[in-house]
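Enquirer: Sequence below, structure please.
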Amino acid sequence: MNREEQNRATDGPDHRSTGQTAGNAAPAGQFVEGPARGRAALVARHRWLVFVLPFVVYMLCNSLEPTPPGLAGEEKSWLELGIPYSYYPLVYTLKITVTLVAIWFVRPGYAEFPWRLSPLAPLVGAVGVLVWLGCTHLSLEPQVLGAVGLDSLVDVGRRSAFNPLVEMQHQPAWAWAFLAVRFYGMVVVVPIVEEFFFRGFVMRFVADADWWKVPFGTPHMLGIALATALAVFAHPATEYLAELAWFSLVTWLMLRTRNIWDCVVAHGVTNGLLGLYVVGSHLAGYDQWHLM
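Expert: Model (predicted):
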C-alpha cells in the first residue's frame, strides 16, 4: 500500500462528495443539499411546486363541482360539463383525494417549515369564525356591488351548498360519512393548500427574485395586498367582506408569529367551527348551508 492509499484508509470516507462535513448536519428548515432523489430532488430544484401545485390541482378540481339547480332547473358546474348536482359527493371526494396526492408529492418541501404552534393560532381561528359570520350576516356585498352597477357579480362563484342531510336523507349512513369527508377537506386539506399558496408563495414571490430565501412572515406591503386581493376574489362575491376581514386577521397572526403552521391551524379552526355552526343550524331548523 503506497502513502496516498494509507492516508485514505486512515482518514475514512471523503465527505466532500456529499457536500457535507462529518458532524455538520443540514440546518433546520432548509432542503438538504446532496444526493437527493425522486420527489425530494424535484421539489428542491423547483421550490414553487411545494406552494403552487396543490393549489392549482385543488382549483382545477373545484371547477368541476356542480352548482345547485337554478331557477330554470339547470344543473351545471363552472366548466358547464352538465354534472348532476347529486354527483357532488363523488366530485368532492375525488377533489380531496387528488389534492392529497399533490400534497404528498410535494411533502418533502414542507421540511423547510419545522412544526411548531403558538397558543394564538386556535384563538385567532375561533375569533375568525365570529368575524366571518358577522360579515356574512351583514350581507353588504349585494348593496355595494349594486351601488356601483356590478350587481350581476353577486352570484359569481356561488357555492355548491350541498346539504347531504337533505340530499341524501334516504341514506343517512352515507350522508354522515360524506359529511366527515367534507369536514376533513375543510379542516385539513384547504388550510394547507391555501396558506402555502397565498402566504407561503404569493406574499414572498413579489418581495424578492429569490423569493424562497425570504423568511416567512417578513412584512412586504405589496405582497400582502396582492395575496389578500387574490384570496378575496377566489371566494364567492357574497363573501368578499368576510374574506377580507378574516384574511387580514390571519395576516396579523402571520406577522406576529412568523410561522406558517399557525396560519394553517387558525384556518382549520375557523373552517371547523364554521362547519359545526352550519350543521348545528340545520339540525335546529335554521338553514345556513349556503356558507359551505
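
Enquirer: how far does the host helix or strand of Val250 sit from the chain's center?
Expert: Taking DSSP states H and E as the definition, Val250 sits inside helix 240-257. Mean-position distance between helix 240-257 and its chain equals 14 Å (C-alpha atoms, centre = their mean, to the nearest Å).

Enquirer: Only the buried residues of the next helix-or-strand element following it, if you could.
Expert: Downstream of helix 240-257, the next assigned helix or strand under DSSP H and E is helix 260-283. Residues 260-275, 277-279 are the ones in helix 260-283 that count as buried (16 or more other C-beta atoms under 10 Å). Every C-beta, even on glycine, is put in place using the N, C-alpha and C of the backbone.

Enquirer: what do you get for stretch 144-159?
Expert: Buried, per 16+ other C-beta under 10 Å, within stretch 144-159: Leu145, Leu153, Gly157, Arg159.

Enquirer: related to what we said a few turns ago, what's the helix holding Val250 in contact with?
Expert: With C-beta atoms under 8 Å, 6 or more residues apart in numbering as the test, helix 240-257 has contacts from 118, 120-121, 124, 127-128, 131-132, 135-136, 138, 140-141, 198-199, 216-217, 219, 224, 227-228, 231-233, 235, 260, 262-263, 266-267, 270.

Enquirer: mind exporting it as CSV, just the C-alpha atoms?
Expert: The C-alpha coordinates for helix 240-257 follow below in CSV (Å, rounded to 0.1, in the frame of the first residue of the first chain):
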residue,chain,number,x,y,z
TYR,A,240,-65.8,39.4,-0.2
LEU,A,241,-66.1,41.4,3.0
ALA,A,242,-65.9,38.3,5.2
GLU,A,243,-62.8,37.1,3.4
LEU,A,244,-61.1,40.5,3.5
ALA,A,245,-61.6,40.8,7.3
TRP,A,246,-60.7,37.2,8.1
PHE,A,247,-57.7,37.1,5.8
SER,A,248,-56.4,40.3,7.4
LEU,A,249,-56.8,38.8,10.9
VAL,A,250,-54.7,35.8,10.0
THR,A,251,-52.2,38.0,8.3
TRP,A,252,-51.8,39.8,11.7
LEU,A,253,-51.1,36.3,13.2
MET,A,254,-48.5,35.6,10.5
LEU,A,255,-46.7,38.9,11.1
ARG,A,256,-46.7,38.2,14.9
THR,A,257,-45.5,34.6,15.0
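
Enquirer: quick check: angle from that helix to helix 260-283?
Expert: Helix 240-257 and helix 260-283 are oriented at 150 degrees to each other (axes from the mean of the first three to the mean of the last three C-alpha atoms, to 10 degrees).

Enquirer: any idea of the mean pLDDT for helix 240-257?
Expert: On average, the pLDDT along helix 240-257 is 97.

Enquirer: for Tyr87, what are its contacts?
Expert: Pro66.

Enquirer: Could you give the backbone dihedrals for it?
Expert: phi -90, psi 0 (degrees, to the nearest 10).

Enquirer: Right, I'll leave it there.
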